[in-house]
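Peer 1: quick one: sequence and predicted model below, then my questions.
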Amino acid sequence: MARQDTIKLQGIHGSPYTRKMLAVLRFRRLPYRFIVNWPQSPDAPGNGEGRSALPTPKVPLLPTVYLKDEAGELQAVTDTTPIIRRLESQFRTRSIVPDNPVLAFLNYVLEDYADEWLTRCMFHYRWHFAADIEKAGRVLPLYVRVNQSPEMLDAVSAAFTRRQVDRLHVVGSNETTAPVIEASYVRFLKLMESHLQAHPFLLGGRPASADFAMMGQLTCLTHFDPTPMRLCETLAPRVYAWVERLDDLSGYEVQEQGWLDAGDALPETLLALLGEVARTHMPQLIANGRAVIGKNETFSTQIDGCDWVQPSFSYQLKCLRWTREEFQSLSSKDQASARAILDKTGLSRLIDAQLATD
């Protein structure tokens, strides 16, 4: 893709993954056009030729990014983590993946935690508590068409809210898991607040893709949904400010050597965040993987000493396998360094746990 090409991205402001990708494009100073629209909707006002002139993704998700393939044909792609790596291979300036392989692996682990665990927190708080349901149900449908009539908004809001609340169980939010999710969000806020006291970003003096993944989910949790936003304002003012700051870092100048030195001892605050991944995200990833391989529709496990039960989800087995592939791609020396960190933070089972017949 030539530098002058404009990247088209379709999404809405209330989507955490849309916000993640927009912030990445701004920081990397890549030209883009933001098409505000839901994936299932007809072309929205103000989009010019709109989506009718663009390819259709295999699965309609937010955001959809339109990139040219090797033959120069436009493709519709929807998974932010591989999209970010694809852009990394095309543009090296202002990279958001550390050049040190061990740090790059830790960045991948933290990005997956944000995309796949913090999103549970986001969806739970948004569609579990009455005040949050009311706000999201009435505001989110307006992002594409703000001039809907009151009657249309009432109908759209009711249908949208019902659909989202009915999906709570899919992401693992239910009466059994709610206390686990809420306790994990509070811990994360405190851990991130502590880390930001000494470091502007997760991995040093420049943002990584994991920063933008966390920021994406937190745009909802800390800046839109009332219940988790109050918690952040009370417990983690640095996190609140950090999220707004990351939204547009186009003017932030980075040093090429701005990453943490992987040869030195990593900050205890970063190790504590990795420990949180081991405490919450890792157990359900492994249990889910075993359930999917065993063709079980649901799975149960223990997270932080509490029961966890939810439907199994094949995509998260892919996430676990991709993480393991990232580890296997490291040299023997880097694997040994990464394994020492995994052992220290309780994350070794993320790589080593058997998945039954896998």
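Peer 2: That came through, no problem.
Peer 1: skipping adjacent residues, who's closest to Leu260 in space?
Peer 2: Nearest residue to Leu260, sequence neighbours excluded (CB to CB, 6 or more residues apart in numbering): Gly204, at 4.2 Å. Glycine gets a C-beta too; all of them are placed from N, C-alpha and C.
Peer 1: pLDDT score for that neighbour?
Peer 2: Note on Gly204: pLDDT of 96.
Peer 1: tell me what it is bridged to.
Peer 2: Phe201, Trp259 (DSSP bridges).
Peer 1: contacting residues for it?
Peer 2: Applying CB atoms under 8 Å, 6 or more residues apart in numbering, we find Gly204 in contact with 258-260.
Peer 1: now distance to Phe224 too, for the residues you listed, in TSV please.
Peer 2: Shown next, in TSV, are the contacts of Gly204 (distance: CB to CB, whole Å):
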residue	distance to Phe224
Gly258	30
Trp259	31
Leu260	31
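Peer 1: between those residues, which is nearest Leu118?
Peer 2: Leu260 (21.6 Å; CB to CB).
Peer 1: in the stretch 151-300 of the chain, which spans are helices?
Peer 2: 178-196, 209-221, 226-235, 237-246, 268-276, 282-293 (DSSP state H, counting those that start in this stretch).
Peer 1: now do the fifth one: which elements does it pack against?
Peer 2: With contacts defined as 3 or more CB pairs under 8 Å, 6 or more residues apart in numbering; DSSP states H and E, the secondary structure elements packing on helix 268-276 are helix 101-113, helix 178-196, helix 332-345.
Peer 1: next, the angle from the longest one to helix 226-235.
Peer 2: Right, helix 178-196. 40 degrees (axes from the mean of the first three to the mean of the last three CA atoms, to 10 degrees).
Peer 1: report the buried residues of helix 178-196.
Peer 2: 180-182, 184-185, 187-189, 191-196 (16 or more other CB atoms under 10 Å).
Peer 1: now these in CSV, with pLDDT and distance to Glu233?
Peer 2: CSV is the format used below for the buried residues of helix 178-196 (pLDDT from 0 to 100; distance: CB to CB, whole Å):
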residue, pLDDT, distance to Glu233
Val180, 98, 23
Ile181, 98, 19
Glu182, 98, 16
Ser184, 98, 19
Tyr185, 98, 14
Arg187, 98, 17
Phe188, 99, 15
Leu189, 99, 10
Leu191, 98, 17
Met192, 98, 14
Glu193, 98, 12
Ser194, 98, 17
His195, 98, 18
Leu196, 98, 15
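Peer 1: give me the domain ranges for the chain.
Peer 2: Following automatic domain parsing, one gets these domains for the chain: 7-90, 101-352.
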